[in-house]
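In: Model the following, please.
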Amino acid sequence: MILESNIIANLKQFVQYTGFANATWGHIIMILIGLVFIYLAIKKDWEPLLLIPIGFGMIIGNIPLFPGLQVGIYEDGSVLNILYQGVKRGFYPPLIFLGIGAMTDFSALISNPKLLLVGAAAQIGIFCAYIGALLLGFTPAEAGAIGIIGGADGPTAIFLSGKLAPDLVGAISVSAYSYMALVPVIQPPIMRLLTTNKERLIKMKAPRVVSQQEKIIFPIVGFLLTAFLVPSGIPLLGMLFFGNLLKESGVTRRLAETARGPLNDIVVILIGITVGCSTQADKFLQMKSVLIFVLGACSFVCATFGGVLFCKIMNLFLKEGNKINPLIGNAGVSAVPDSARVSHVQGQKYDPRNYLLMHAMGPNVAGVIGSAVAAGILLGFLAG
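Out: Have a look, this model is predicted:
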């Protein structure tokens, strides 16, 4: 009898520890969302390097746990919690920026510096979302973290939200990466709405050849100017321009290849899986998360509007032959190189001989710099 009662007690205890006994509808919903992310990544080829780790992370993070097992991402000392510190404390985003710098060619921007203004104009989405978040009742710090979604820059969103609104990191990060994946869906209708057929057919001059010396000087001068302007952006800006110097110096090829290859891949995996895990149902399924997704969409739309409209305004002051095709204005958001590819694809629809990709890379890489600068400005004003 004693043996039987012990066996029954052990079985009951075992059942209490299973996910089946602790599951809620929230866990099921989040697991289904994770499966949707994986489906979109595989079937639609939408940012698979991001959506598959995030989607599977959502599944991992929403396996129902018995409290106190010390395996959940929010339980101090667990393996997932330790890996998540790279997100919360901002270790991972600068390493991603190092890889971005090591794989980015700034030639299009160097050869046509006025495209920097297009990238800056697209950052209006950040400040529109910031104002919208304040109006909806978010604190200034939370509003700043939410606003950065408009830059379409996942690492920057993680970096800023980790500093300003740690409790919202999951919702902000998933929103930022989701809209990055939806660039080919969201931007084209806005681009067509804001441009005329004549504007879409504008052919831009071929970019001039940029010397190796210019490519080496640019990251040094670029860092000094931006860092002195926004010192709080140093972790992102410093690593971005350092990575680019590794690439362009010509004498650190191994370091550049490591930064943009194995190191970048490892950090992307860690960011994706831990951000996904952080979307536990009890933390994620809240009205705040819904509002963040709505504000993220609005900021992304405003950023696209800002970039395209600014190109049209610039054309009012440019001579014939020097005008900018406003279809590259969408590339001012820093979803590299997807938004530049969207510019090119849309241009090809109206003139198959019009090659906009290299031109669009100018505002695209400017958007990377612009979002990091904007994050530095918000961090400087709102931190503490």
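In: Can you check the pLDDT for L11?
Out: If you check L11, the pLDDT there is 69.
In: hmm, who's touching stretch 343-358?
Out: Counting by C-beta atoms under 8 Å, 6 or more residues apart in numbering, stretch 343-358 makes contact with 108, 184, 188, 191-192, 197, 200-201, 203-204, 207, 325, 327-328, 330-331, 340-341, 359-360, all of which sit outside it. All C-beta spots, glycine's among them, are computed from the backbone N, C-alpha and C.
In: Tell me how far that stretch lies from the chain's centre.
Out: 25 Å (C-alpha atoms, centre = their mean, to the nearest Å).
In: Next, the buried residues of it.
Out: Under the neighbour-count criterion of 16 or more other C-beta atoms under 10 Å, stretch 343-358 has S343, H344, Q346, G347, Y350, N354, L356, L357, M358 buried.
In: now the contacts of stretch 343-358: which count as buried?
Out: Among these, the ones that count as buried (16+ other C-beta under 10 Å) are 108, 184, 188, 191-192, 200, 204, 207, 325, 327-328, 330-331, 340-341, 359-360.
In: Just to check, L80 is in contact with V275?
Out: No - here L80 lies out of contact with V275, judged by C-beta atoms under 8 Å, at a distance of 11.4 Å.
In: So the two - more neighbours on which side?
Out: When neighbours are counted by other C-beta atoms under 10 Å, V275 comes out ahead of the other of L80 and V275, with 29 against 19.
In: what sits against that one?
Out: Contacts of V275 were listed using C-beta under 8 Å, 6+ apart, and they are I54, G57, V87, I158, V169, G170, S173, V174, Y177.
In: wait, which of these is closest to K247?
Out: Nearest to K247 among the contacts of V275, counting by C-beta to C-beta, is I158 at 23.4 Å.
In: Tell me how far the closest one lies from Y84.
Out: Between I158 and Y84 the distance is 11 Å, computed by C-beta to C-beta, to the nearest Å.
In: how about the strands in the chain?
Out: Counting by DSSP state E, no segments of the chain form strands.
In: By residue count, which helix of it is the longest?
Out: The helix that spans the most residues within the chain, counting by DSSP state H, is helix 287-315.
In: what's the burial count for A383?
Out: Under the neighbour criterion other C-beta under 10 Å, A383 is assigned a count of 12.
In: go on, I271?
Out: The criterion is other C-beta under 10 Å. On that basis, I271 has 27 neighbouring residues.
In: likewise the one 3 residues further on?
Out: In terms of burial, T274 registers 29 neighbours under the definition other C-beta under 10 Å.
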